[in-house]
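Visitor: Make a model of this:
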Amino acid sequence: MEFEKENAWARELLRPGERLLWCGKPQMKRVVEPADLISLALMGVVAVFGGRMLRDFLRAEQKNVIGIVVICAALAVGFGRILWTVVQRFLELRSAAYALTDQRVIGRNGKKTKSLELTSLPRMTVAQRDDGSGDILFGANPQAAYAPEGFRLNGGFRYRGGPRPGFRAVLEFREIPELSRVEQMIREAADRAQSAAGTE
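Guide: Here you go, the predicted model:
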């Protein structure tokens, strides 16, 4: 019953005769990325120096109002940007859901839904992490999509690094648990769909 409830959104999109093979949601483990922690550490260093300057400005007999405003604004913008990035990522992952049918791959983000036909599925770029989770990007140039360090080839591109900032593929399945199993299901379904289309 719970399975049916979770997959209701995908079942509503099915065409006549189309079968749902898999449905999933991103895991919420990686809402905070290593880059966020580095940015936070750098902002911490800036905050220390900014705090000292602010203290000196406040202790001076003649207050430097412009300096105080600039430092406070810079710190607020810096920390606010980091916080907004994390919140935005959380909201995107929370509202995302993915499905595989015998005809299409389907991605949902909030109220937006996008699908790709298995008979003309674009190149898949797979980024697998050590815990077995990862991302599947459809229609991505791997060299453009992912930082090149530490990648390995295993039946397709498998990058250990994360996506380049600002890069967007045609369709993305993010933070998928049991990535290898889902990837295999997609490849097998695409092979079947393409074979069936070739015999018609």
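Visitor: C-alpha only now, for contacts and for neighbours.
Guide: Will do.
Visitor: Break this protein down into its domains, please.
Guide: For the chain, automatic domain parsing gives the domain ranges 2-28+97-199, 34-90.
Visitor: Comparing those, which comes out most buried?
Guide: domain 2-28+97-199 (a mean of 16; mean count of other CA atoms under 10 Å).
Visitor: re the thing from before, TSV please, covering the domains of the chain and showing mean pLDDT.
Guide: What follows is the domains of the chain, written out as TSV (pLDDT from 0 to 100):
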stretch	mean pLDDT
domain 2-28+97-199	77
domain 34-90	80
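Visitor: What sits closest to residue 110 if chain neighbours are left out?
Guide: Counting by CA to CA, 6 or more residues apart in numbering, residue 110 lies nearest to residue 95, which is 4.9 Å off, once chain neighbours are set aside.
Visitor: got the contact list for the one you found?
Guide: Contacts for residue 95 (CA atoms under 8 Å, 6 or more residues apart in numbering) come out as 108-110.
Visitor: ok, which stretches of this protein are strands?
Guide: Remark: strands assigned in the chain by DSSP state E are 20-24, 96-101, 104-109, 112-117, 124-128, 134-138, 152-153, 157-158, 171-176.
Visitor: distance of residue 133 from residue 51?
Guide: Per CA to CA, to the nearest Å, residue 133 is found 41 Å from residue 51.
Visitor: Equivalent analysis for residue 24, please.
Guide: Residue 24 sits 46 Å away from residue 51, taking CA to CA as the criterion.
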